[in-house]
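Enquirer: Here's a sequence, model it:
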Amino acid sequence: MRIVFYDPAQSKPGWDIVVLLDRAQAGAVINLPTVVVPPSKVPAVNMFVADLGNDLNSDDNDSAGTITVHSFSCDARGMQLYFSVDATLGSEFAGGATMDVHGAFRATFPPAACP
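Expert: Presented below is the predicted three-dimensional model:
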């Protein structure tokens, strides 16, 4: 499951979160930096922020804090996700600034959004 919020003109910051449905567990608290859990090739939960002039990622070594996946599902009723973040994300650029990210997100998308 991937949720993306971005400005197509790239004049405003944007973000995305990836939750692997077969690896993440509802109620899980993920400590940052996020890590890959085999056999997956990406973390079970990962957050990315595209700020103006800086890209930040929850798997960067300078990341700290938590992402809590309160609930998620993807079925005939639609795709639902509720998570909260209390973290500092590290920059993907050498010497880039970190970013504090705090808040919660809850959404329901139509069934057509489910794989």
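Enquirer: is the closest residue to residue 65 other than its chain neighbours in a bridge, and if so with what?
Expert: In this structure, residue 65 finds its nearest non-sequential neighbour in residue 87, 2.9 Å apart by Cβ to Cβ, 6 or more residues apart in numbering. C-betas here are computed from N, CA, C, even on glycine. Applying DSSP bridges to residue 87 gives these bridge partners: residue 65, residue 101.
Enquirer: Next one, pLDDT for residue 87 please.
Expert: For residue 87, the model assigns a pLDDT of 97.
Enquirer: Please apply the same query to residue 110.
Expert: 83.
Enquirer: can you count the residues close to it?
Expert: 9 (other Cβ atoms under 10 Å).
Enquirer: Nearest residue to it in space, ignoring adjacent ones along the chain?
Expert: Per Cβ to Cβ, 6+ apart, closest to residue 110 is residue 78, 5.3 Å.
Enquirer: Show me what the one you found is bridged to.
Expert: Bridge pairing for residue 78 - DSSP bridges - gives residue 75.
Enquirer: residue ranges of the helices in the protein, please?
Expert: For the chain, none of the segments meets the definition of helices by DSSP state H.
Enquirer: residue ranges with poor pLDDT in it?
Expert: Along the chain, the model assigns pLDDT under 70 to residues 112-115.
Enquirer: With the flanking residues excluded, which residue is spatially nearest to the residue located most distally from the centre of the chain?
Expert: When distances are taken from the C-alpha mean of the chain, residue 76 lies farthest, 23.4 Å away, according to Cα atoms, centre = their mean. Counting by Cβ to Cβ, 6+ apart, residue 111 is the residue found nearest to residue 76 once chain neighbours are left out, at 5.7 Å.
Enquirer: Count the residues that sit near the one you found.
Expert: 11.
Enquirer: repeat for residue 1
Expert: 19.
Enquirer: and if you look at residue 60?
Expert: 21.
Enquirer: Residue 42 too?
Expert: With other Cβ under 10 Å as criterion, residue 42 counts 13.
Enquirer: With residue 5 instead?
Expert: Other residues close to residue 5 by other Cβ under 10 Å number 13.
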